[in-house]
Each structure stands twice: as structure tokens, then as C-alpha cells.
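Participant: generate a structure from the sequence data that follows.
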Amino acid sequence: MRADFPELARVTTRWSDNDMFGHLNNAVYYELFDSALNAWVIRETGIDESTAPVIGVVAESSCRFYREVAYPSELEVGARIQRLGTRSIVFELGLFAAGEPEIAAHGRWAQVYIDAKTREVAAIPAPMRALCERALAAQ
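Facilitator: Here you go, the predicted structure:
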């Protein structure tokens, strides 16, 4: 439900998002999740992944679909922390039709942090950990 996601971002669909069945193509859900999650992280931490010494990479993702959405639609993507480790974070993402309390799609996003140069697993950067701890407290 919408109330389970303390962070919400408004997004709009585009004409090209629909597939031949007249609803959003499955890949578009992942694009919306990725964009909303990264916008939240950049806004709250100031981390620039293109120059950061430690970066987050997606190790696993999934999406479960409950209701169709299509162009033209205003949507909201919710984000929350499912698990915060020392080197990884599991996010939950929810896609909602604007104003609707029930979820249209539920995503799971496991992100592992690595050294940008060596590609070795690394600790979550302090600004990211602080964001996640604030988000967990708000949940």
C-alpha cells in the first residue's frame, strides 16, 4: 500500500512506454524504479556515481505486477529500505497510479557497493548509510 512507502516520487508515462498490449512494457517499470531511486539518493546525499570512489551496483532485481498502468498516466514510485547491511542494501519499490492507495507493481532491488577502480566489494558510503538509517527510522 502507498502508506508503506515514506519516499514518493511523481513520474509520468510517455507514449513510447506502452507495449503492443496497450500497457507499460515490463522494462519500463525497472526504468521508473531506477530513476526514482537514483533521484532520491542524489537529492538526499549529493553522491555523484560517475565520480564517486565507491558506487552501488544492482546485484538482483525483481518486479511483481498487480495492476495495469498505461500511457497517459501520472504515477508515483515509492521507495523504502528492506534491509541495510554493511556492504549492501535491499530496497523495496512500489509503483502507484496517482492518488491510488493500492500498489500496481512491487519491485525489489538489491544493491552492492564496490570500489569504483578495483571493483572489490566495499562498505556503504557514510552519506548513503545515513540516508538509509533515516529512511528506516521513518518506516
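
Participant: quick one, helices of the protein?
Facilitator: Taking DSSP state H, the helices of the chain run over residues 26-45, 126-138.

Participant: would you list those helices in a markdown table and tack on distance to residue 4 and mean neighbour count?
Facilitator: From N, CA and C alone the C-beta is placed, and that goes for glycine too. Compiled in a markdown table, the helices of the chain are given as follows (distance: least, C-beta to C-beta, whole Å; neighbours: other C-beta atoms under 10 Å):
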| stretch | distance to residue 4 | mean neighbour count |
| --- | --- | --- |
| helix 26-45 | 15 | 17 |
| helix 126-138 | 11 | 15 |
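
Participant: now the angle from the helix or strand of the chain at the bottom of the mean pLDDT ranking to helix 126-138?
Facilitator: Of the helices and strands making up the chain, the lowest-confidence element is strand 7-12, at a mean of 92, by mean pLDDT, DSSP states H and E. Our comparison of strand 7-12 with helix 126-138, counting by axes from the mean of the first three to the mean of the last three C-alpha atoms, to 10 degrees, yields an angle of 100 degrees.

Participant: please name the nearest non-neighbouring residue to the most centrally placed residue in the chain.
Facilitator: Within the chain, one residue has its C-alpha closest to the average C-alpha position: by C-alpha atoms, centre = their mean, that is residue 37, at 3.6 Å. With C-beta to C-beta, 6 or more residues apart in numbering as the measure, residue 79 is the residue that lies nearest to residue 37, at 5.6 Å, once sequence neighbours are left out.
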